[in-house]
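[1] got a sequence here, can you build the structure:
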Amino acid sequence: MSTATADVETATTDHYYFVPGDAKPEAISGVPAKKLKYGVGGTWKESKTAKYMPCYDPSTGAVIAYAPQCTAEEIEEAIQAAVKAFPAWRDTPVTKRTQVLFKMKQLLDEHLDELTYLCAQENGKKWDEAMGDVLKAIEVVEFACGAPQLMKGESLMNVSSGYDTVQFREPLGVFAGIAPWNFPAMIPQGWMAPICIATGNCLVLKAASFAPQSAMRITELWKQAGLPDGVLNIVTASRTEAEILLRHPSIKGVSFVGSTSVGLHIYSTAASNGKRVQALTEAKNHALVLKDAILERTAQGIINSFSGCAGERCMALPVVVVENSVADQLVEAVTRLAKKINLGAAYDKSTGQGPVVNKGHKEFVLNWIETAIKEGAKLVLDGRNPEVPKGCENGYFVGPTIFDHVTEEMSCGRQEIFGPVLCIKRVDSFEEGLQLMNNNPFANGSVIYTENGHYAREFSKRTDGGMVGINVGIPVPLGIFGFTGHKQSFFGDLHCMGRDGFIFFTETKNVTTTWFTGKAIPAKVSTWDGTMTRG
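    A predicted model of the protein is given here:
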């Protein structure tokens, strides 16, 4: 393909990427990398930026795409496209809006394998985990189809003599979604887009530059489902340009998922500029294993919870607090099972654990392993030089890693590592374990493994965790309940998804009515214009 032909394709092809005519084969894969666009007003455009970020296939280390770091002008263009689209979308009856979501659910089902492969390739989740990433997005699209019921307000006839009040829920306008790289489909196109769109708002979505293609491809499907141009716009950008979304007067609210330091900045900045904010941030989830737990089944749950998705999820289980009387047995069982996990390409369906997202994050995780060793934790299983299959030698793999005798003074047991690293802490009792867990500044999830109903109930009542598992290692609730992190794992008032999600994306309006026809004209109108019932 000539350069001239590529230029024509860029201008005319309604697709989220193109391959430049002069692109050379990538060194590892032998395939030229894609050049990604940004989506605004229903059109995919090539960015004018000079800055592009490489996107890797973490299974092989090959560059598969280049994501533009969109300019400030392109961010403004996306915002204005959403502003332009809002009045018509707001005025579209909610039952008609949900027809788009019904069609979207159908398209996501039809493209499930395609989206699963794309997610696995750009993020590194193994096949069934990547499919789960997409299925969790579909789950919220299905939930958002209930908007006609969930947007219903309240009313009361004759609140005072001859007066009626009706309360409505209405969309606000344009929202910004700032998504992380660890769930490329579920978070931007599940947690952020469906409820925002169903309630009649418009969205400017900043996808993660490391892994934006799943969100971009799903954005194409939204248009195919009949979503009007400008209702959903998608960009990739640096933090400098993303800052515009936090301060822009046309942005009414911000939904963010990422680190606690960035989340706190986004919350304070956007809120100080009069915006609604929900910021879902870091975690250091703990599980308490009591001596009556069924240890083999408990160990299986721990394995899935700490090494699943290569530990790159805010509901992972990176810390286990175990009663001393069964600690040695549990460590033996978990280590035995962890040694059986085979590493490999994310899109190979026989793979037991995929890679972490890129070289930089691999180095981050390895540095934490070194830190834990220096702090005095006992290294039981070392995943720093794992065996990988042919073709994956340049991939970004860290095998399951287990530390025992981790104490409260060690930072490895308190701060988020975001990799397949398990820290084991030992205690003498339920009370000691619960106090240790609640001392942590994060409180996304907390888990107890026990067959004792008393301790399970006490744990449910007294744990600080916002999502609690009783013998459930990853207690992520269905989207109908919402994602309810606490403490420094969440900044805001309204959580994403569930009923909170519908409240976050709408505002209330009360309309009080009376009629003069057939009534005598009073000598005087009261201070409260007839709405006071006492006095």
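
[2] state the distance from residue 137 to residue 30.
    32 Å (Cβ to Cβ, to the nearest Å). (Glycine included, C-beta is placed from N, CA and C.)

[3] who's more crowded, those two?
    For the pair residue 137 and residue 30, the greater number of neighbours falls to residue 137 (31 against 8), based on other Cβ atoms under 10 Å.

[4] can you pull the contacts of residue 404?
    327, 331, 377-378, 380, 424, 426 (Cβ atoms under 8 Å, 6 or more residues apart in numbering).

[5] was I right about residue 156 contacting residue 511?
    No. Residue 156 is beyond contact range of residue 511, at 11.7 Å (criterion: Cβ atoms under 8 Å).

[6] report pLDDT for the residue nearest the centre of the chain.
    By Cα atoms, centre = their mean, the chain has its centre lying nearest to residue 187, at 3.2 Å. Each residue has a pLDDT score; the one for residue 187 is 98.

[7] same check on residue 6?
    Looking at residue 6, the pLDDT reads 39.

[8] same check on residue 252?
    98.

[9] hang on, it in a strand?
    Yes. Remark: residue 252 belongs to a strand, assigned using DSSP: H, G, I helix; E, B strand; the rest coil.

[10] residues contacting it?
    172-175, 201, 275-276.

[11] just residue 531 next, same as before
    For residue 531, the contacting residues are 159-160, 163, 512, by Cβ under 8 Å, 6+ apart.

[12] buried subset of these, written for ChimeraX?
    With 16 or more other Cβ atoms under 10 Å as the burial test, the buried ones among those are selected in ChimeraX as follows:
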select :160,163
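
[13] now do the shared contacts for residue 156 and residue 511.
    residue 165.

[14] ok, back up a step: and the contacts of residue 404 as a markdown table, adding secondary structure, neighbour count and distance to residue 343?
    Formatted as a markdown table, the contacts of residue 404 follow (DSSP: H, G, I helix; E, B strand; the rest coil; neighbours: other Cβ atoms under 10 Å; distance: Cβ to Cβ, whole Å):
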| residue | secondary structure | neighbour count | distance to residue 343 |
| --- | --- | --- | --- |
| 327 | helix | 20 | 27 |
| 331 | helix | 22 | 22 |
| 377 | coil | 22 | 23 |
| 378 | strand | 13 | 23 |
| 380 | strand | 17 | 18 |
| 424 | strand | 24 | 22 |
| 426 | strand | 21 | 29 |
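
[15] and which of those residues is nearest to residue 85?
    residue 424 (51.9 Å; Cβ to Cβ).

[16] tally of neighbours for residue 399?
    There are 21 residues near residue 399, going by other Cβ under 10 Å.

[17] can you check residue 265 too?
    Residues near residue 265, counting by other Cβ under 10 Å, number 17.

[18] ok but it is inside a helix, no?
    Yes. Counting by three-state DSSP, residue 265 falls inside a helix.

[19] remind me, longest helix of this protein?
    helix 72-91 (DSSP state H).

[20] identify each buried residue in it, please.
    Of all the residues in helix 72-91, those buried under the rule 16+ other Cβ under 10 Å are 74-75, 77-83, 85-86, 89-90.

[21] could the residues you listed go into TSV alongside pLDDT?
    Shown next, in TSV, are the buried residues of helix 72-91 (pLDDT from 0 to 100):
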residue	pLDDT
74	98
75	98
77	98
78	98
79	98
80	98
81	98
82	98
83	98
85	98
86	98
89	98
90	98
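
[22] for the residues you listed, could you give me a markdown table that also reports distance to residue 348?
    What follows is these, written out as a markdown table (distance: Cβ to Cβ, whole Å):
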| residue | distance to residue 348 |
| --- | --- |
| 74 | 37 |
| 75 | 38 |
| 77 | 40 |
| 78 | 37 |
| 79 | 41 |
| 80 | 44 |
| 81 | 40 |
| 82 | 40 |
| 83 | 45 |
| 85 | 41 |
| 86 | 44 |
| 89 | 42 |
| 90 | 46 |
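
[23] and which of those is nearest residue 433?
    Using Cβ to Cβ, these come closest to residue 433 at residue 75, 47.2 Å.

[24] break down the stretch 151-300 of the chain into its strands, ranges please.
    154-160, 163-171, 174-178, 202-206, 232-235, 251-257, 276-280, 286-289 (DSSP state E, counting those that start in this stretch).

[25] quick one: mean pLDDT for the last one?
    Averaged across strand 286-289, pLDDT comes to 98.

[26] again with the fifth one
    Taken as a whole, strand 232-235 has a mean pLDDT of 98.
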